[in-house]
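Enquirer: Below are the sequence and a predicted model for it; my questions follow.
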Amino acid sequence: MKLFLKRIGHWLILLLLTDLTFIFLTWLLRPDAMKSICLFILLFTAIIIGIGYFLQCRTQKRKINAVNCFLNDPNEAAKQALIAALDDSWAHVIETVYTRLKKQNADLNEKQLNLQNYQEYIEAWTHEIKTPMSLITLVLENHKDEMSPYVYSRMEHSRQQISQDVEKILYYARLQTAHADYNFTRFRLDECAEEVIKEFASLIEEKQVHLVTKWNPVTVVSDRKILAFMISQLLSNAVKYAAKKEGRVFMSTWQDNDHHKIHLCVRDNGAGVPPEDAPFIFEKGFTGNHPERQKATGMGLYLVKKYAEALSIEVSLESEFPTDSGFGIELIFPYVL
């Protein structure tokens, strides 16, 4: 309304002066008809202003629609429609904007295509790697008795390490896509964690780590496959960095009824993370200054954090430790009715 009054301010003043002139002449010539003529003039003025306001709103709406169509899909037809909705004085500006938007869209489409090709290449590459890895797994299972425990343990550890690295590469590539496909289902969180533990049985045995679990039967809604990957990264880190002597890893699930949250915690009893490193542990490539972490890629916790954000899962450092050492991470889920 303010914009309308600003645009027609001079015409409105002229209309009011005309009305006052008519009222003055009526007072001079026909004072007996003063009341009826004043009402007519006021009604006529209101109708004129209403019609003007309606036409102004329709014009503005047409201009806004033309601008939105042009910005959403900057093609030749949308450009001409925008010029027609405004006036020819805007033609040069619109042409410049059109050229820039067209170039930006072309660059964006090229980047999206390159990203798609990159993801397809990574997926094809990981598939090629998984095929011989499956063969290696089969050979190890069939010839376990023919190997010394040490050789078998080292080969199984190497196989698991390669498999985990391949999984990280694949999940990192999937993370780059603009619209990842997530399969949300309802399942028991403790059962999902137990499945991950079975995959790490040989690593836990090799590291001579004592795994302590405390499960409460809690249900969540999430992508089970991606969540299993996230738990595997947490468990892998906990097993690697548990204390060398009497190493322990603690895993638990519980329901916080006060805050309507469901928790999964993975914690080790190792050297822990220095306070100065804590703010950076979820950054890509961060490994800290601890000697045992120098061989790490720094991608595991980064992927956990990113996928947690995508799945609306909170990730936090465990705030309470039974001992003065160790490191724990919690995944916090919304309560499911």
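Expert: It's in. Numbers count the residues shown, from 1 in each chain.

Enquirer: alpha carbons only for contacts and neighbour counts from here, please
Expert: Fine.

Enquirer: List the neighbours of stretch 102-112 that are in contact with it.
Expert: Stretch 102-112 is contacted by residues Pro74, Asn75 when judged by C-alpha atoms under 8 Å, 6 or more residues apart in numbering.

Enquirer: Now it: average pLDDT?
Expert: Per-region confidence: stretch 102-112 scores 79 on mean pLDDT.

Enquirer: One more: stretch 283-294?
Expert: Stretch 283-294 shows a mean pLDDT of 68 in the predicted model.

Enquirer: Please apply the same query to stretch 245-258.
Expert: 91.

Enquirer: in that stretch, what's buried?
Expert: Across stretch 245-258, burial judged by 16 or more other C-alpha atoms under 10 Å covers Gly247, Arg248, Val249, Phe250, Met251, Ser252, Thr253, Trp254, Gln255.

Enquirer: what does that stretch rub up against?
Expert: With contacts defined as C-alpha under 8 Å, 6+ apart, stretch 245-258 is touched by 189-190, 208-218, 238-239, 242, 261-270, 335.

Enquirer: of those residues, buried ones?
Expert: By neighbour count, with 16+ other C-alpha under 10 Å, those hold 189-190, 208-211, 213, 215, 218, 238-239, 242, 261-270, 335 as buried.

Enquirer: Sort out for me which of the residues you listed are in helices.
Expert: Using DSSP state H, the members of those that fall in helices are Leu189, Asp190, Ala238, Val239.

Enquirer: Now, the contacts of stretch 245-258 that are in strands?
Expert: Judged by DSSP state E, strands contain the following of the contacts of stretch 245-258: 210-214, 261-268.

Enquirer: What helix or strand is the residue nearest to Ala78 when sequence neighbours are not counted located in?
Expert: Distance criterion C-alpha to C-alpha, 6 or more residues apart in numbering; nearest residue to Ala78, sequence neighbours excluded, is Phe70 at 5.0 Å. Using DSSP states H and E, Phe70 sits in helix 34-72.

Enquirer: sorry, back to before: now the two most distant members of the ones in helices among the buried ones among the contacts of stretch 245-258.
Expert: Greatest spatial distance among these (C-alpha to C-alpha): Leu189 and Val239, at 20.0 Å.

Enquirer: one step back: off-centre distance for the helix holding Phe70?
Expert: Relative to its parent chain, helix 34-72 has a centroid offset of 44 Å by C-alpha atoms, centre = their mean, to the nearest Å.

Enquirer: Following the chain onward from that helix, which element is next?
Expert: The helix or strand immediately downstream of helix 34-72 is helix 76-85, counting by DSSP H and E.

Enquirer: Contacts for that following helix, please.
Expert: Arg62, Lys63, Ala66, Val67, Cys69, Phe70, Trp90, Ala91, Ile94, Glu95, Tyr98.

Enquirer: same thing but 7 Å
Expert: Under the contact criterion C-alpha atoms under 7 Å, 6 or more residues apart in numbering, helix 76-85 has outside partners Arg62, Lys63, Ala66, Val67, Cys69, Phe70, Trp90, Ala91.

Enquirer: Pick the one among those closest to Glu330.
Expert: Using C-alpha to C-alpha, Cys69 is the member of the contacts of helix 76-85 that lies nearest Glu330, at 46.0 Å.

Enquirer: Could I get the contacting residues of the closest one?
Expert: If you count contacts by C-alpha under 7 Å, 6+ apart, then Cys69 has Ala78 around it.

Enquirer: Phi first, then psi, for Ser252.
Expert: Note on Ser252: its backbone torsions stand at phi -150, psi 160 [degrees, to the nearest 10].

Enquirer: Name the nearest residue to it, sequence neighbours excluded.
Expert: Computed as C-alpha to C-alpha, 6+ apart, the closest residue to Ser252 that is not its neighbour in sequence is Lys214, at 4.6 Å.
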